[in-house]
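Engineer: have a look at this prediction, sequence included:
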Amino acid sequence: MSEFPGGADFFGRIPLFREFARLLAGESGPVNWELARQVAVATAAGADALGTMPQLPKPTPSPPAGERREWDERLRLAELWVDPATSLAGRGVTLAAQPVSRPDWAEAVLPEFAPLVEPGARRLMEAVGPESGGAAPGEMGEVMSRLGALLAGLQVGALVGQLAQLVLAQYDLGLPNREPARVLVVPENVAEFEDSAGVPADQFRLWLAAHEVVRQRLLVGVPWLADHLRAVVVEIAQATDPDPSGLMDRLQSLDLGGADDLRELLEGGQGLLGPPTAALQAAVGRLEAVLAITEGYALTVCERALEGRLPALGAISAAVGRRLADPEGPQSLFAQLLRVDAERAGAARGHRFCREVLAATDIEGLDRLWAHPDFLPNTEELAVPGRWLERSGLVGGAEVDLDEGLRALLEDGAPATGAVYDEKPDEPEPGDDKPDGPEPVG
């Protein structure tokens, strides 16, 4: 994880740690969300020496209403451009922009992290708690559980505060939204990115609006996608087998004023999360795949929707690609929070997959991804899109009945009606001799 704000003694200067007993007696649960909120807001506001302030900083006022109208107009135009570029519908939701400050963004989105953070935090709590055979019985187990919740709140709060200084808009991350019509925009971050990347502001903001429209249609318009994302996170937590004795030893010897001890524990620690079992690796691979494909799809549709409309589209796409691959960027920080590999969950893999599928079929074929969770590509198919095309019943832009085509070849050497083959006689497309996947979606 990247450096926490404030340098090596950041943790020791948080006033809340001087009221440690009160924090331990506070809310129960796997994450102390009140601590997370305060740390997130303070970090988003740029606090680097919290111990010198009597109170945590308050969010600054939101940007003026005029800026909201400008973003609303961009969203309307982007919807018109995106409509013919994808078969995903808008579900009748009228998007409304909400420009916000960095602290306001942190406070607004923090609840959205709960379904993605609590399963893993709860699994760690169970390992040291008094229930389910935890390592510490009775009152000691309760204290250790509350300490774990406090540390989880600190981790989430610090990371969300860092994200608030980097994210551009609502769907910059693969984060489900409880308010489907709301599109948060952080104008300060947008302006900083435009300056650093050297892209024209008017064109980039149209690109960003189109990106938000596509991502909203995925995370809101695809009815099962948000639930699937949360389910995979739960699956990872269930497949995690923490080392109770190691966690107990680390918690009992923890120096609350020492940044190194805290940072190592917050990042998981060597061996504390248990061995990487086959079930855990498979679940992590599924999460990495869904993160990669959702962002890759958004990039691909933006290219289709904006081609010929934005003269600087090439420069914008290149700058966005560098940002997405940045190990200190928001996507990498988000991957670290979910404890997945940032490169394997990165947009580049999903973007390459989508472009290759489009080269072999069309947008309706690519959009088959969103017909059902079973149509999402696995790790192997992300690397070799042809295998996904075969499993999904798509070859060269047409639906293929693989069973019928193979049967015809075996019986008389003639291809079946409706199947697509090369011009060479009696030679099937590659993959026709392999088992087919899910039934084609009509």
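Structural biologist: Nice, thanks for sending it over. Residues are numbered from 1 along each chain as shown.
Engineer: around Asp374, how many other residues sit close by?
Structural biologist: 9 (other CB atoms under 10 Å). To be clear about C-beta, it is placed using only N, CA and C from the backbone, and glycine gets the same treatment.
Engineer: same question for the one 5 residues further on.
Structural biologist: Applying the criterion other CB under 10 Å, we find 16 residues in the vicinity of Thr379.
Engineer: please apply the same query to the one 10 residues further on.
Structural biologist: A count of neighbours around Leu389, defined by other CB under 10 Å, yields 27.
Engineer: in which helix or strand does it reside?
Structural biologist: helix 385-391 (DSSP states H and E).
Engineer: grab the nearest non-local neighbour of Pro275.
Structural biologist: Asp241 (6.8 Å; CB to CB, 6 or more residues apart in numbering).
Engineer: now do the strands in the stretch 1-150 of the chain.
Structural biologist: Assigned strands in the stretch 1-150 of the chain, in chain order: 96-99 (criterion: DSSP state E, counting those that start in this stretch).
Engineer: cool, the stretch 151-300 of the chain as well?
Structural biologist: Assigned by DSSP E, counting those that start in this stretch, the strands in the stretch 151-300 of the chain fall at 182-185.
Engineer: residue contacts, Arg217?
Structural biologist: Applying CB atoms under 8 Å, 6 or more residues apart in numbering to Arg217 gives the contacts 82, 86, 88-91.
Engineer: that one and Glu107: what is the separation?
Structural biologist: 26 Å (CB to CB, to the nearest Å).
Engineer: low-confidence ranges in this structure?
Structural biologist: For the chain, the stretches with pLDDT under 70 are 1-28, 48-63, 65, 128-144, 243-274, 395-442.
Engineer: quick one: list the elements packing against the longest helix anywhere in it.
Structural biologist: Longest helix of the chain, by residue count under DSSP state H: helix 278-306. Helix 278-306 is packed against helix 65-82, helix 201-219, helix 225-239, helix 313-325, helix 347-360, helix 363-366, helix 379-383, with contacts defined by 3 or more CB pairs under 8 Å, 6 or more residues apart in numbering; DSSP states H and E.
Engineer: buried residues, it. List them.
Structural biologist: For helix 278-306, the neighbour count (16 or more other CB atoms under 10 Å) marks 280, 283-306 as buried.
Engineer: and that helix with helix 313-325, angle?
Structural biologist: Helix 278-306 and helix 313-325 are oriented at 160 degrees to each other (axes from the mean of the first three to the mean of the last three CA atoms, to 10 degrees).
Engineer: now the angle from helix 278-306 to helix 201-219?
Structural biologist: On the basis of the same axes, to 10 degrees, helix 278-306 is oriented at 130 degrees to helix 201-219.
Engineer: with just CA atoms, put stretch 72-85 into PDB.
Structural biologist: Extracted in PDB, the C-alpha atoms of stretch 72-85 (Å, rounded to 0.1, in the frame of the first residue of the first chain):
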ATOM      1  CA  ASP A  72     -25.800  17.400 -16.600                       C
ATOM      2  CA  GLU A  73     -25.600  18.600 -20.200                       C
ATOM      3  CA  ARG A  74     -22.500  16.500 -20.800                       C
ATOM      4  CA  LEU A  75     -24.300  13.400 -19.400                       C
ATOM      5  CA  ARG A  76     -27.300  14.000 -21.700                       C
ATOM      6  CA  LEU A  77     -25.000  14.300 -24.700                       C
ATOM      7  CA  ALA A  78     -23.000  11.300 -23.700                       C
ATOM      8  CA  GLU A  79     -26.200   9.200 -23.400                       C
ATOM      9  CA  LEU A  80     -27.100  10.100 -27.000                       C
ATOM     10  CA  TRP A  81     -23.700   9.000 -28.200                       C
ATOM     11  CA  VAL A  82     -23.500   5.800 -26.100                       C
ATOM     12  CA  ASP A  83     -26.900   4.500 -27.100                       C
ATOM     13  CA  PRO A  84     -25.900   3.200 -30.600                       C
ATOM     14  CA  ALA A  85     -22.600   2.000 -29.300                       C
END
